[in-house]
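Participant: the following block contains a protein sequence and its predicted model.
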Amino acid sequence: MNTQVNEVKLKHDFDSLDKKKKGKITKKEIRKYFRKKGKKISDSEIKEMIKNIDVNKDGYIDFNEFQTIFTGAIKY
């Protein structure tokens, strides 16, 4: 799958999680995403993930930060 297709798919996934359309998702929404994908992820793993990718340190994940989960920069 090419990069553009991956980005479109990720944007679709992100938007489906961002129910309030604020441009950011919560820990709860991230957990939901991974469960939907068949991956169990603990609260401590989610906290660590957010700590590692939350560039602006607001406690939420925006789309650019969400993408870093899947670029290979951080493995989950």
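Facilitator: Cool, got the structure.

Participant: where's T68 relative to I41, distance?
Facilitator: According to Cβ to Cβ, to the nearest Å, T68 stands 16 Å off from I41. Quick note: C-beta positions are derived from backbone N, CA and C, even for glycine.

Participant: how about N64, what does it touch?
Facilitator: By Cβ atoms under 8 Å, 6 or more residues apart in numbering, the residues touching N64 are V55.

Participant: what about this structure, any weak spots by pLDDT?
Facilitator: 1-5, 72-76 (pLDDT under 70).

Participant: buried ones in the longest helix seen in the chain?
Facilitator: In the chain, with assignment by DSSP state H, the single longest helix is helix 3-17. Neighbour-count burial for helix 3-17, with 16 or more other Cβ atoms under 10 Å as criterion, is recorded at L10, D13, F14, L17.

Participant: could you do stretch 28-46 as well?
Facilitator: Here stretch 28-46 shows E29, I30, R31, Y33, F34, I41, I46 as buried, counting by 16+ other Cβ under 10 Å.

Participant: which residue sits closest to the fourth one, ignoring its sequence neighbours?
Facilitator: Ranked by Cβ to Cβ, 6 or more residues apart in numbering and with sequence neighbours excluded, the top spatial neighbour of Y33 is L17, at 5.5 Å.

Participant: any idea how far that neighbour is from K57?
Facilitator: 20 Å.

Participant: what's the answer for K19, then?
Facilitator: 23 Å.
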